[in-house]
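Peer 1: quick one: sequence plus predicted model below, questions after.
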Amino acid sequence: MSGHEAINPIHPSMVGKIDPEFEKMYNEHVANTPNRPIDLPLLRKNYNKIYSYGTAPAPEIKNIENTTFPSFDGEAVALRIYRPNDYSESEKLPVHLDFHGGGAAVGDLDTEAHILKEYVARARIAVVDVDYRLIPEYKFPTGVKDCFEATKYVYEHADELGFDKNSISVGGVSAGGHICLAVDHLCRDIGLKLVLVCAGTPQIADISNVKTAADSPYLSIKECEFAPTLNWARLKWFDDIKWKWLEDLTEEQTKKELEEIGWLKDLMLAPNFKGLTKTLVFTAGLDPLRSEGLEYAKTLMDHGVEVEYKCYEGVPHPFQHMNKNLWQARDFIYRTSLELALAHKTLTF
């Protein structure tokens with residue numbers, strides 16, 4: 001069983017640590033699913049339905065636009081723009097860019113739609129969801145570059161899009177959390193000032209040279225090796241396909257590529273943490289990525305960056321998708337919405 005990407009039913013090492021409501025949901029909808037290795041095309045096809053058993057209906061947002069923009073290499077990348085139901089075309093809306101989760105290999109513009117609609121309705125802001133290109137078809141860090149280019153595009157075309165160029169935030173969950181944190185560094189370096197960064201259960205570290213969970217420097221990797229929904233074997237599976245393209249290169253070519261990627265593969269290696277944007281970092285108690293998220297948050301604070309940190313105990317990595325049943329998911333969505341409203345100054349008292 002330990003070699004499988006999925007661990008069903010709940011592993012003995014997790015017993016007694018799990019929120020009862022999540023455990024009930026998991027046992028009812030997941031625990032009896034046969035263990036089998038990941039089939040990427042099948043996972044992509046079904047990804048947006050995986051947690052539907054725990055997802056609440058989203059607010060109705062009437063103003064949704066699908067468009068594209070040219071990324072760094074000229075290829076068109078899709079965007080989905082949400083605007084509040086009561087907005088006026090004459091106003092300049094604050095805007096939040098979202099970079100979805102999915103291990104950088106799965107996910108699309110429907111993955112976090114239920115969360116983004118809550119942000120639009122609760123914070124009264126526009127949201128731009130970015131359909132960045134995925135591994136392995138596109139080598140890492142193409143997706144990170146797409147999201148940085150999308151942020152620049154929104155800033156440079158704010159007037160025609162109806163946005164306030166001085167009120168831009170970014171956010172994402174999991175791999176999207178990694179991306180939004182990286183984008184903050186890249187925006188700072190070109191003088192593009194953001195108002196907030198929202199990272200949910202972010203992936204921070206590079207594990208390409210970590211052979212087993214026991215070898216990891218992070219406590220949560222060891223504690224959550226067999227956690228439900230995301231475990232060590234699944235992390236390694238995603239990481240293996242992330243770097244598979246390097247196998248066809250010579251040693252010299254590989255070294256050159258990795259030097260060019262640099263700290264983007266591990267955010268703890270970033271050369272400069274000063275002057276970054278106020279950042280929300282939300283982790284989950286049963287997430288293998290919990291410890292690295294905390295370490296990144298502490299590093300930001302050590303460099304004078306304003307940080308709001310919270311760990312939701314008893315729930316797994318993708319808990320945000322289960323807002324029908326989990327108070328932790330609702331709190332994550334409502335808390336992020338409030339922080340977005342405060343940062344974009346859309347609250348009225």
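Peer 2: Yep, that arrived. What you see is a predicted model; the values in this text were computed from it and never measured.

Peer 1: CA only for contacts and neighbour counts going forward, please
Peer 2: Noted.

Peer 1: and residue 124, how close does it get to residue 323?
Peer 2: Noted for residue 124: a distance of 20 Å to residue 323, by CA to CA, to the nearest Å.

Peer 1: actually residue 112, not the one I typed
Peer 2: For residue 112, the distance to residue 323 - CA to CA - is 12 Å.

Peer 1: neighbour count winner among the two?
Peer 2: Of the pair residue 112 and residue 323, residue 323 is the one with more neighbours under other CA atoms under 10 Å, namely 23 against 20.

Peer 1: ok, now which ones touch that one?
Peer 2: Neighbouring residues of residue 323 by CA atoms under 8 Å, 6 or more residues apart in numbering: 54, 55, 56, 329, 330.

Peer 1: which one of the residues you listed has the most neighbours?
Peer 2: In the contacts of residue 323, the most neighbours by other CA under 10 Å go to residue 329, 22 neighbours.

Peer 1: can you pull the pLDDT of that residue?
Peer 2: Looking at residue 329, its pLDDT stands at 98.

Peer 1: now the one 3 residues further on
Peer 2: As summarised for this prediction, residue 332 has a pLDDT of 98.

Peer 1: within the helices and strands, which one has it?
Peer 2: helix 327-344 (DSSP states H and E).

Peer 1: hmm, who's touching that helix?
Peer 2: Taking CA under 8 Å, 6+ apart as the rule, helix 327-344 contacts 94, 115, 118-119, 122-125, 167-169, 195-196, 198, 280, 282, 312, 315, 319-324, 347.

Peer 1: pull out the buried positions in it.
Peer 2: 328-330, 332-334, 336-341, 343-344 (16 or more other CA atoms under 10 Å).

Peer 1: how about that helix as PDB, C-alpha atoms only?
Peer 2: Output of helix 327-344 as PDB, limited to C-alpha atoms (Å, rounded to 0.1, in the frame of the first residue of the first chain):
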ATOM      1  CA  TRP A 327     -16.000  25.100   8.800                       C
ATOM      2  CA  GLN A 328     -12.300  25.300   8.000                       C
ATOM      3  CA  ALA A 329     -13.000  25.700   4.300                       C
ATOM      4  CA  ARG A 330     -15.600  28.300   4.900                       C
ATOM      5  CA  ASP A 331     -13.300  30.200   7.300                       C
ATOM      6  CA  PHE A 332     -10.500  30.100   4.700                       C
ATOM      7  CA  ILE A 333     -12.800  31.600   2.000                       C
ATOM      8  CA  TYR A 334     -14.400  34.200   4.200                       C
ATOM      9  CA  ARG A 335     -11.200  35.200   5.900                       C
ATOM     10  CA  THR A 336      -9.500  35.600   2.500                       C
ATOM     11  CA  SER A 337     -12.400  37.500   1.200                       C
ATOM     12  CA  LEU A 338     -12.200  39.900   4.100                       C
ATOM     13  CA  GLU A 339      -8.500  40.400   3.700                       C
ATOM     14  CA  LEU A 340      -9.100  41.100   0.000                       C
ATOM     15  CA  ALA A 341     -11.800  43.700   0.800                       C
ATOM     16  CA  LEU A 342      -9.500  45.400   3.300                       C
ATOM     17  CA  ALA A 343      -6.500  45.400   0.900                       C
ATOM     18  CA  HIS A 344      -8.600  46.700  -2.000                       C
END
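
Peer 1: got any ranges where the chain has weak pLDDT?
Peer 2: Where the chain drops to pLDDT under 70, the residues are 1-6, 348-349.

Peer 1: what's the top strand by length along it packed up against?
Peer 2: Ordering each strand of the chain by length in residues (DSSP state E) puts strand 163-173 first. Strand 163-173 is packed against strand 93-99, helix 142-156, helix 158-161, helix 175-190, strand 196-200, helix 327-344, with contacts defined by 3 or more CA pairs under 8 Å, 6 or more residues apart in numbering; DSSP states H and E.

Peer 1: what angle separates the helix holding residue 332 from strand 163-173?
Peer 2: 160 degrees (axes from the mean of the first three to the mean of the last three CA atoms, to 10 degrees).

Peer 1: distance from helix 327-344 to the middle of the chain?
Peer 2: Per CA atoms, centre = their mean, to the nearest Å, the displacement of helix 327-344 from the mean C-alpha position of its chain is 15 Å.

Peer 1: ditto for stretch 292-306
Peer 2: Distance, centroid of stretch 292-306 to centroid of chain: 17 Å (CA atoms, centre = their mean).

Peer 1: in it, what counts as buried?
Peer 2: 292, 293, 294, 296, 297, 299, 300, 301, 305, 306.

Peer 1: ok, stretch 197-207 next?
Peer 2: For stretch 197-207, by 16+ other CA under 10 Å, it's 197, 198, 199, 200, 201, 202, 203, 204, 205, 207.

Peer 1: quick check: residue 292 touching residue 201?
Peer 2: No - with contact defined as CA atoms under 8 Å, residue 292 does not count as touching residue 201 (9.5 Å).
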